[in-house]
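**Student:** For reference, the sequence and a predicted model appear below.
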Amino acid sequence: MHSAYMDNNATTRVDPRILETILPYFSTYYGNPSSMHSFGGDVGARLEDARASVQALLGVEHDSEIIFTSCGTESDNTAILSALAIQPGRREIITSVVEHPAILSLCDHLERHEGYKVHYIPVDRLGRISMEAYAAALSERVAVVSMMYANNETGTIFPVETMARMAKAQGVLFHTDAVQAVGKIALNLRESAIDMLSLSGHKLHAPKGVGALYVRRGTRYRPLLRGGHQERGRRAGTENTTGIIALGLAADLAVEHMAYENTMVRALRDRLEAGILAQVPYAFVNGDPEHRLPNTASISFEYIEGEAILMLLSRVGIAASSGSACTSGSLEPSHVLRAMDIPYTAAHGTIRFSLSRETTEADVDWVIAQTPPIIEQLRRLSPYWGANGPILTDNAFAPVYA
Ligand code: PLP
(Lines give C-alpha, C1' and ligand atoms only; values in the text may rest on other atoms or scores of the structure.)
Protein backbone atom coordinates (compact mmCIF):
# COMPACT_ATOMS: atom_id res chain seq x y z
CA MET A 1 0.00 0.00 0.00
CA HIS A 2 1.19 3.50 -0.78
CA SER A 3 1.64 5.86 2.15
CA ALA A 4 1.70 9.64 2.10
CA TYR A 5 3.05 11.91 4.81
CA MET A 6 0.97 15.09 4.61
CA ASP A 7 1.77 16.56 8.02
CA ASN A 8 4.86 18.65 7.35
CA ASN A 9 3.54 21.65 9.29
CA ALA A 10 3.65 19.43 12.38
CA THR A 11 7.17 18.31 11.63
CA THR A 12 9.39 17.33 8.72
CA ARG A 13 11.67 14.38 8.09
CA VAL A 14 15.34 15.13 8.73
CA ASP A 15 16.96 15.43 5.31
CA PRO A 16 19.17 12.35 4.84
CA ARG A 17 22.07 14.56 3.71
CA ILE A 18 21.83 16.44 6.99
CA LEU A 19 21.63 13.27 9.05
CA GLU A 20 24.75 11.88 7.41
CA THR A 21 26.71 15.09 7.97
CA ILE A 22 25.85 15.46 11.64
CA LEU A 23 26.47 11.84 12.74
CA PRO A 24 30.24 12.30 13.36
CA TYR A 25 29.39 15.16 15.69
CA PHE A 26 27.76 12.64 18.03
CA SER A 27 30.55 10.08 17.91
CA THR A 28 33.88 11.60 16.87
CA TYR A 29 33.68 15.35 17.39
CA TYR A 30 31.61 15.19 20.54
CA GLY A 31 33.61 17.67 22.56
CA ASN A 32 32.14 20.79 24.07
CA PRO A 33 32.68 23.75 21.73
CA SER A 34 33.87 25.78 24.74
CA SER A 35 36.68 23.28 25.52
CA MET A 36 40.28 23.89 24.53
CA HIS A 37 41.16 20.31 23.52
CA SER A 38 40.67 18.71 20.15
CA PHE A 39 37.65 16.51 20.91
CA GLY A 40 35.54 19.42 19.91
CA GLY A 41 37.42 19.38 16.60
CA ASP A 42 36.14 22.16 14.44
CA VAL A 43 32.75 22.14 16.10
CA GLY A 44 33.00 25.78 17.22
CA ALA A 45 33.75 26.79 13.65
CA ARG A 46 30.83 24.66 12.41
CA LEU A 47 28.48 26.51 14.73
CA GLU A 48 29.61 29.77 13.16
CA ASP A 49 29.10 28.28 9.67
CA ALA A 50 25.57 27.37 10.75
CA ARG A 51 25.00 30.92 11.95
CA ALA A 52 26.13 32.25 8.58
CA SER A 53 23.75 29.86 6.81
CA VAL A 54 20.76 30.96 8.89
CA GLN A 55 21.87 34.54 8.33
CA ALA A 56 21.81 33.95 4.56
CA LEU A 57 18.40 32.26 4.65
CA LEU A 58 16.87 35.23 6.48
CA GLY A 59 18.80 37.91 4.62
CA VAL A 60 20.28 39.13 7.88
CA GLU A 61 23.09 41.67 7.92
CA HIS A 62 25.17 40.67 10.98
CA ASP A 63 25.92 37.21 12.34
CA SER A 64 25.55 38.59 15.86
CA GLU A 65 21.83 38.98 15.18
CA ILE A 66 21.21 35.20 15.26
CA ILE A 67 20.83 33.46 18.65
CA PHE A 68 20.44 29.66 18.66
CA THR A 69 17.74 28.34 20.98
CA SER A 70 16.11 24.99 21.74
CA CYS A 71 12.92 25.47 19.69
CA GLY A 72 10.40 27.88 18.24
CA THR A 73 8.60 28.06 21.56
CA GLU A 74 11.74 29.19 23.39
CA SER A 75 12.41 31.82 20.73
CA ASP A 76 8.84 33.14 21.01
CA ASN A 77 8.94 33.27 24.82
CA THR A 78 12.38 34.88 24.87
CA ALA A 79 11.37 37.60 22.41
CA ILE A 80 8.27 38.67 24.28
CA LEU A 81 9.75 38.44 27.78
CA SER A 82 12.82 40.37 26.66
CA ALA A 83 10.71 43.14 25.16
CA LEU A 84 8.73 43.44 28.39
CA ALA A 85 11.81 43.36 30.62
CA ILE A 86 13.59 46.19 28.83
CA GLN A 87 10.54 48.46 28.85
CA PRO A 88 9.00 48.18 32.30
CA GLY A 89 6.89 51.28 31.73
CA ARG A 90 5.00 49.72 28.83
CA ARG A 91 2.34 47.28 30.05
CA GLU A 92 0.51 46.28 26.87
CA ILE A 93 1.07 43.59 24.23
CA ILE A 94 -0.52 43.21 20.81
CA THR A 95 -0.96 39.82 19.18
CA SER A 96 -3.54 38.01 17.05
CA VAL A 97 -6.30 35.58 17.95
CA VAL A 98 -4.82 32.91 15.67
CA GLU A 99 -1.27 32.65 17.07
CA HIS A 100 0.32 29.36 18.07
CA PRO A 101 -0.02 28.41 21.77
CA ALA A 102 3.69 29.31 22.13
CA ILE A 103 2.49 32.93 22.03
CA LEU A 104 -1.12 32.65 23.22
CA SER A 105 -0.39 30.68 26.41
CA LEU A 106 2.37 33.08 27.35
CA CYS A 107 0.11 36.09 26.73
CA ASP A 108 -2.65 34.48 28.75
CA HIS A 109 -0.21 33.93 31.61
CA LEU A 110 1.07 37.52 31.43
CA GLU A 111 -2.47 38.82 31.48
CA ARG A 112 -3.67 36.64 34.38
CA HIS A 113 -0.62 36.67 36.61
CA GLU A 114 1.52 39.67 35.67
CA GLY A 115 -1.15 42.28 35.04
CA TYR A 116 -0.37 43.01 31.40
CA LYS A 117 -3.09 44.08 28.98
CA VAL A 118 -3.13 42.00 25.81
CA HIS A 119 -4.86 43.13 22.62
CA TYR A 120 -5.94 40.10 20.56
CA ILE A 121 -6.47 41.35 17.01
CA PRO A 122 -9.29 39.51 15.19
CA VAL A 123 -9.27 37.96 11.72
CA ASP A 124 -11.95 37.65 9.04
CA ARG A 125 -13.46 34.59 7.32
CA LEU A 126 -10.32 34.18 5.22
CA GLY A 127 -8.04 34.45 8.24
CA ARG A 128 -6.88 37.97 7.31
CA ILE A 129 -5.90 40.24 10.16
CA SER A 130 -7.98 43.34 10.87
CA MET A 131 -5.62 46.21 10.10
CA GLU A 132 -8.15 48.69 11.55
CA ALA A 133 -8.18 46.92 14.91
CA TYR A 134 -4.40 46.68 14.80
CA ALA A 135 -3.93 50.38 14.09
CA ALA A 136 -6.35 51.23 16.90
CA ALA A 137 -4.47 49.08 19.44
CA LEU A 138 -1.03 50.59 18.74
CA SER A 139 0.07 53.20 21.26
CA GLU A 140 3.05 54.23 23.36
CA ARG A 141 1.71 51.95 26.10
CA VAL A 142 2.53 48.87 23.99
CA ALA A 143 5.86 47.15 24.64
CA VAL A 144 5.75 44.61 21.83
CA VAL A 145 3.69 43.37 18.91
CA SER A 146 3.88 39.65 18.14
CA MET A 147 2.25 38.61 14.88
CA MET A 148 2.82 35.28 13.18
CA TYR A 149 4.29 35.43 9.69
CA ALA A 150 2.16 32.53 8.46
CA ASN A 151 -0.52 30.50 10.17
CA ASN A 152 0.25 26.87 10.92
CA GLU A 153 -3.30 25.65 10.26
CA THR A 154 -4.40 27.58 7.18
CA GLY A 155 -1.09 28.87 5.81
CA THR A 156 -2.47 32.42 5.70
CA ILE A 157 0.35 34.96 5.48
CA PHE A 158 -0.02 38.19 7.44
CA PRO A 159 1.28 41.52 6.07
CA VAL A 160 3.93 41.58 8.78
CA GLU A 161 6.19 44.05 7.01
CA THR A 162 3.46 46.68 6.86
CA MET A 163 2.52 45.91 10.46
CA ALA A 164 6.16 46.19 11.57
CA ARG A 165 6.48 49.60 9.92
CA MET A 166 3.32 50.78 11.68
CA ALA A 167 4.73 49.57 15.01
CA LYS A 168 8.06 51.24 14.36
CA ALA A 169 6.32 54.56 13.66
CA GLN A 170 4.99 54.39 17.23
CA GLY A 171 8.27 53.21 18.77
CA VAL A 172 6.87 49.72 19.44
CA LEU A 173 9.05 46.59 19.10
CA PHE A 174 7.85 44.07 16.53
CA HIS A 175 8.32 40.31 16.83
CA THR A 176 7.14 37.72 14.34
CA ASP A 177 6.70 33.99 14.87
CA ALA A 178 7.97 32.85 11.47
CA VAL A 179 8.20 29.17 12.42
CA GLN A 180 5.94 28.14 9.51
CA ALA A 181 7.24 30.69 7.02
CA VAL A 182 10.99 30.14 7.23
CA GLY A 183 12.14 27.79 4.51
CA LYS A 184 8.84 28.02 2.62
CA ILE A 185 8.84 31.63 1.45
CA ALA A 186 11.76 34.01 0.85
CA LEU A 187 12.52 36.49 3.63
CA ASN A 188 14.85 39.46 3.64
CA LEU A 189 15.32 41.00 7.06
CA ARG A 190 17.96 43.45 5.85
CA GLU A 191 15.25 45.58 4.27
CA SER A 192 12.77 44.95 7.03
CA ALA A 193 11.28 46.78 10.02
CA ILE A 194 10.98 43.50 11.97
CA ASP A 195 12.97 43.62 15.23
CA MET A 196 12.77 39.96 16.28
CA LEU A 197 11.90 36.72 14.47
CA SER A 198 11.49 33.12 15.66
CA LEU A 199 12.19 29.97 13.67
CA SER A 200 12.31 26.25 14.41
CA GLY A 201 14.59 23.63 12.86
CA HIS A 202 12.18 20.71 12.71
CA LYS A 203 9.85 22.55 10.34
CA LEU A 204 12.58 22.69 7.69
CA HIS A 205 14.09 19.20 7.72
CA ALA A 206 16.46 19.68 10.68
CA PRO A 207 15.91 17.68 13.88
CA LYS A 208 13.56 18.65 16.69
CA GLY A 209 14.96 20.63 19.59
CA VAL A 210 16.78 23.43 17.82
CA GLY A 211 15.59 26.89 16.89
CA ALA A 212 16.81 30.42 16.45
CA LEU A 213 15.84 33.92 17.42
CA TYR A 214 16.80 36.85 15.25
CA VAL A 215 17.31 40.07 17.20
CA ARG A 216 18.05 43.14 15.12
CA ARG A 217 21.34 44.85 16.02
CA GLY A 218 20.69 47.76 18.33
CA THR A 219 17.57 46.16 19.84
CA ARG A 220 17.90 46.00 23.59
CA TYR A 221 17.71 42.43 24.80
CA ARG A 222 17.33 40.53 28.06
CA PRO A 223 18.25 36.81 28.06
CA LEU A 224 15.80 34.22 29.25
CA LEU A 225 18.43 31.66 30.29
CA ARG A 226 21.36 32.83 32.40
CA GLY A 227 24.51 30.84 33.03
CA GLY A 228 27.55 30.35 30.83
CA HIS A 229 28.74 32.66 28.10
CA GLN A 230 27.35 30.68 25.17
CA GLU A 231 25.75 32.71 22.37
CA ARG A 232 27.64 35.80 23.59
CA GLY A 233 25.86 35.59 26.93
CA ARG A 234 22.45 35.89 25.31
CA ARG A 235 21.40 32.27 25.70
CA ALA A 236 23.25 30.25 28.29
CA GLY A 237 23.51 26.46 28.13
CA THR A 238 25.85 24.13 26.27
CA GLU A 239 25.00 24.35 22.61
CA ASN A 240 22.98 21.65 20.87
CA THR A 241 25.91 21.25 18.49
CA THR A 242 24.42 18.58 16.23
CA GLY A 243 21.10 20.39 16.10
CA ILE A 244 22.71 23.73 15.26
CA ILE A 245 24.95 22.24 12.57
CA ALA A 246 21.86 20.53 11.14
CA LEU A 247 19.91 23.78 11.20
CA GLY A 248 22.69 25.46 9.22
CA LEU A 249 22.60 22.72 6.60
CA ALA A 250 18.80 22.90 6.56
CA ALA A 251 19.04 26.63 5.90
CA ASP A 252 21.40 26.01 2.94
CA LEU A 253 19.04 23.40 1.53
CA ALA A 254 16.03 25.67 2.05
CA VAL A 255 17.72 28.42 0.01
CA GLU A 256 18.48 25.86 -2.69
CA HIS A 257 14.89 24.59 -2.80
CA MET A 258 13.06 27.90 -2.33
CA ALA A 259 12.05 28.18 -5.98
CA TYR A 260 10.94 24.53 -6.04
CA GLU A 261 8.84 25.07 -2.93
CA ASN A 262 7.04 27.99 -4.53
CA THR A 263 6.44 26.33 -7.89
CA MET A 264 6.39 22.55 -7.70
CA VAL A 265 5.19 22.15 -4.11
CA ARG A 266 2.57 24.84 -4.73
CA ALA A 267 1.42 23.05 -7.90
CA LEU A 268 1.11 19.76 -6.02
CA ARG A 269 -0.86 21.46 -3.24
CA ASP A 270 -3.17 23.12 -5.77
CA ARG A 271 -3.69 19.81 -7.52
CA LEU A 272 -4.54 18.13 -4.23
CA GLU A 273 -7.13 20.80 -3.40
CA ALA A 274 -8.67 20.80 -6.87
CA GLY A 275 -8.69 17.00 -7.04
CA ILE A 276 -10.56 16.67 -3.76
CA LEU A 277 -12.99 19.55 -4.29
CA ALA A 278 -13.92 18.23 -7.74
CA GLN A 279 -15.16 15.00 -6.16
CA VAL A 280 -16.49 16.07 -2.77
CA PRO A 281 -19.54 18.33 -2.40
CA TYR A 282 -19.87 20.57 0.66
CA ALA A 283 -16.14 20.99 1.03
CA PHE A 284 -14.05 24.14 0.85
CA VAL A 285 -10.54 25.44 1.37
CA ASN A 286 -9.72 27.72 4.32
CA GLY A 287 -7.35 30.67 4.38
CA ASP A 288 -6.41 33.67 2.31
CA PRO A 289 -6.49 32.63 -1.37
CA GLU A 290 -3.95 35.29 -2.32
CA HIS A 291 -1.50 35.19 0.56
CA ARG A 292 -1.00 31.62 1.61
CA LEU A 293 1.97 29.28 2.19
CA PRO A 294 2.62 27.14 -0.89
CA ASN A 295 2.51 23.85 1.03
CA THR A 296 -0.61 24.10 3.18
CA ALA A 297 -4.15 22.94 2.37
CA SER A 298 -6.81 23.30 5.04
CA ILE A 299 -9.98 21.67 3.76
CA SER A 300 -13.32 21.64 5.60
CA PHE A 301 -15.58 18.68 4.94
CA GLU A 302 -18.96 19.72 6.22
CA TYR A 303 -21.18 17.55 8.44
CA ILE A 304 -18.55 15.06 9.56
CA GLU A 305 -15.92 14.72 12.24
CA GLY A 306 -12.25 15.45 11.61
CA GLU A 307 -10.96 12.81 14.01
CA ALA A 308 -12.92 10.11 12.19
CA ILE A 309 -11.56 11.31 8.84
CA LEU A 310 -8.01 11.20 10.21
CA MET A 311 -8.49 7.70 11.51
CA LEU A 312 -9.73 6.38 8.18
CA LEU A 313 -7.02 8.29 6.29
CA SER A 314 -4.44 6.75 8.58
CA ARG A 315 -5.72 3.26 7.71
CA VAL A 316 -4.81 3.91 4.08
CA GLY A 317 -1.40 5.28 5.02
CA ILE A 318 -2.20 8.98 4.86
CA ALA A 319 -0.88 11.17 7.69
CA ALA A 320 -2.62 14.52 8.05
CA SER A 321 -3.95 16.53 10.97
CA SER A 322 -7.22 18.02 12.09
CA GLY A 323 -7.76 21.54 13.29
CA SER A 324 -9.49 20.33 16.41
CA ALA A 325 -8.02 19.75 19.82
CA CYS A 326 -9.56 17.66 22.55
CA THR A 327 -10.40 19.95 25.42
CA SER A 328 -11.80 18.58 28.66
CA GLY A 329 -13.59 15.70 27.01
CA SER A 330 -15.46 17.74 24.42
CA LEU A 331 -14.19 18.03 20.89
CA GLU A 332 -13.77 21.73 20.25
CA PRO A 333 -12.79 22.99 16.82
CA SER A 334 -9.47 24.82 16.68
CA HIS A 335 -9.20 28.39 17.95
CA VAL A 336 -8.02 29.41 14.47
CA LEU A 337 -11.14 28.17 12.67
CA ARG A 338 -13.40 29.55 15.40
CA ALA A 339 -11.70 32.93 15.12
CA MET A 340 -12.41 32.81 11.38
CA ASP A 341 -16.08 32.20 12.16
CA ILE A 342 -16.15 28.92 10.28
CA PRO A 343 -19.45 27.23 11.30
CA TYR A 344 -19.11 24.34 13.72
CA THR A 345 -20.46 21.83 11.21
CA ALA A 346 -17.53 22.66 8.93
CA ALA A 347 -14.82 23.47 11.50
CA HIS A 348 -15.27 20.03 13.07
CA GLY A 349 -14.55 18.32 9.78
CA THR A 350 -11.44 20.26 8.85
CA ILE A 351 -8.28 18.49 7.76
CA ARG A 352 -4.87 20.05 7.20
CA PHE A 353 -2.73 18.50 4.53
CA SER A 354 0.77 19.99 4.59
CA LEU A 355 3.30 19.10 1.91
CA SER A 356 7.06 19.48 1.60
CA ARG A 357 9.74 19.22 -1.07
CA GLU A 358 9.69 15.48 -0.38
CA THR A 359 6.02 15.12 -1.36
CA THR A 360 5.58 13.28 -4.66
CA GLU A 361 2.90 13.29 -7.34
CA ALA A 362 2.11 9.72 -6.32
CA ASP A 363 1.46 10.92 -2.75
CA VAL A 364 -0.97 13.56 -3.97
CA ASP A 365 -2.71 11.13 -6.30
CA TRP A 366 -3.07 8.69 -3.44
CA VAL A 367 -4.75 11.33 -1.27
CA ILE A 368 -7.03 12.39 -4.14
CA ALA A 369 -8.06 8.79 -4.72
CA GLN A 370 -8.52 7.80 -1.07
CA THR A 371 -10.15 10.84 0.51
CA PRO A 372 -13.50 11.14 -1.36
CA PRO A 373 -14.76 7.61 -0.55
CA ILE A 374 -13.83 8.15 3.12
CA ILE A 375 -15.83 11.36 3.23
CA GLU A 376 -18.78 9.64 1.55
CA GLN A 377 -18.62 6.73 3.97
CA LEU A 378 -18.59 9.01 7.02
CA ARG A 379 -21.39 11.18 5.71
CA ARG A 380 -23.60 8.12 5.35
CA LEU A 381 -23.20 7.71 9.12
CA SER A 382 -23.59 11.40 9.95
CA PRO A 383 -26.77 12.53 11.72
CA TYR A 384 -26.58 15.73 9.66
CA TRP A 385 -26.59 13.89 6.34
CA GLY A 386 -29.65 12.39 4.62
CA ALA A 387 -30.31 10.49 1.40
CA ASN A 388 -30.15 13.69 -0.63
CA GLY A 389 -27.35 15.55 1.13
CA PRO A 390 -27.25 17.69 4.25
CA ILE A 391 -30.29 17.76 6.52
CA LEU A 392 -29.06 20.63 8.58
CA THR A 393 -28.85 23.56 6.20
CA ASP A 394 -29.12 26.41 8.73
CA ASN A 395 -25.41 26.45 9.17
CA ALA A 396 -24.57 25.81 5.53
CA PHE A 397 -21.60 27.85 4.58
CA ALA A 398 -21.12 29.09 1.05
CA PRO A 399 -17.58 28.30 -0.05
CA VAL A 400 -15.56 31.49 -0.20
CA TYR A 401 -13.55 30.16 -3.08
CA ALA A 402 -13.12 26.84 -4.74
N1 PLP B 1 4.92 28.68 16.21
C2 PLP B 1 4.26 28.09 15.19
C3 PLP B 1 3.50 28.93 14.22
C4 PLP B 1 4.31 26.70 15.06
O5 PLP B 1 3.63 26.11 14.06
C6 PLP B 1 5.04 25.95 16.01
C7 PLP B 1 5.09 24.47 15.93
O8 PLP B 1 4.11 23.82 15.59
C9 PLP B 1 5.72 26.62 17.03
C10 PLP B 1 5.63 27.99 17.10
C11 PLP B 1 6.50 25.89 18.08
O12 PLP B 1 7.73 25.46 17.59
P13 PLP B 1 8.56 24.34 18.39
O14 PLP B 1 7.83 23.05 18.16
O15 PLP B 1 9.91 24.34 17.76
O16 PLP B 1 8.60 24.76 19.80
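**Tutor:** Arrived safely, thanks for sending.
**Student:** Could you list the contact residues of the stretch 101-250 of the chain toward the ligand?
**Tutor:** Along the stretch 101-250 of the chain, the residues adjacent to the ligand under the rule C-beta under 6 Å from any ligand atom are 102, 148, 152, 177, 179-180, 200, 211. (Each C-beta comes from the backbone N, C-alpha and C, glycine too.)
**Student:** what about the helix or strand harbouring residue 80, average pLDDT?
**Tutor:** Here residue 80 is covered by helix 72-86, with elements defined by DSSP states H and E. Regarding helix 72-86, the rounded mean pLDDT is 98.
**Student:** Would you mind listing the outside residues contacting it?
**Tutor:** Residues external to helix 72-86 that are found in contact with it (C-beta atoms under 8 Å, 6 or more residues apart in numbering): 67, 69, 90, 93, 100, 102-103, 106-107, 110, 116, 143-144, 146, 173, 175, 177, 179, 196, 198-200, 203, 211-213, 215, 220-224, 235.
**Student:** Buried ones in it, by neighbour count?
**Tutor:** For helix 72-86, the buried set under the neighbour-count rule, 16 or more other C-beta atoms under 10 Å, comprises 72-84.
**Student:** anything in that helix near the ligand?
**Tutor:** Yes: for helix 72-86, a contact with the ligand is found by C-beta under 6 Å from any ligand atom, at 72-73, 76.
**Student:** State the next helix or strand along the chain beyond that helix.
**Tutor:** strand 92-96.
**Student:** Can you get me the centre-to-centre distance for the following helix or strand past that following strand and its chain?
**Tutor:** Note on strand 92-96: by DSSP H and E, the next helix or strand toward the C-terminus is helix 101-113. Per C-alpha atoms, centre = their mean, to the nearest Å, the displacement of helix 101-113 from the mean C-alpha position of its chain is 18 Å.
**Student:** by contact count, what packs against helix 101-113?
**Tutor:** When contacts are defined as 3 or more C-beta pairs under 8 Å, 6 or more residues apart in numbering; DSSP states H and E, helix 101-113 sits against helix 72-86, strand 92-96, strand 117-121.
**Student:** how about a cut-off of 10 Å?
**Tutor:** Other helices and strands packing on helix 101-113, by 3 or more C-beta pairs under 10 Å, 6 or more residues apart in numbering; DSSP states H and E, are helix 72-86, strand 92-96, strand 117-121, strand 142-146, strand 173-177, strand 196-200.
**Student:** got the angle for the third one vs strand 92-96?
**Tutor:** Right, strand 117-121. Note on geometry: by axes from the mean of the first three to the mean of the last three C-alpha atoms, to 10 degrees, strand 117-121 and strand 92-96 are set 20 degrees apart in direction.
**Student:** Just checking: what are the partner strands of strand 117-121?
**Tutor:** The strands beside strand 117-121 in its sheet (DSSP bridges) come out as strand 92-96 (parallel).
**Student:** go on, the last one?
**Tutor:** Counting by DSSP bridges, the strands paired with strand 196-200 are strand 173-177 (parallel), strand 211-215 (antiparallel).
**Student:** in the stretch 201-350 of the chain, which spans are helices?
**Tutor:** Along the stretch 201-350 of the chain, counting by DSSP state H, counting those that start in this stretch, helices occupy 241-260, 266-279, 306-315, 335-339, 344-347.
**Student:** now stretch 47-67: mean pLDDT?
**Tutor:** Here the mean pLDDT over stretch 47-67 is 97, rounded to a whole number.
**Student:** Span of that stretch from start to end?
**Tutor:** Length of stretch 47-67, first residue to last, C-alpha to C-alpha, to the nearest Å: 11 Å.
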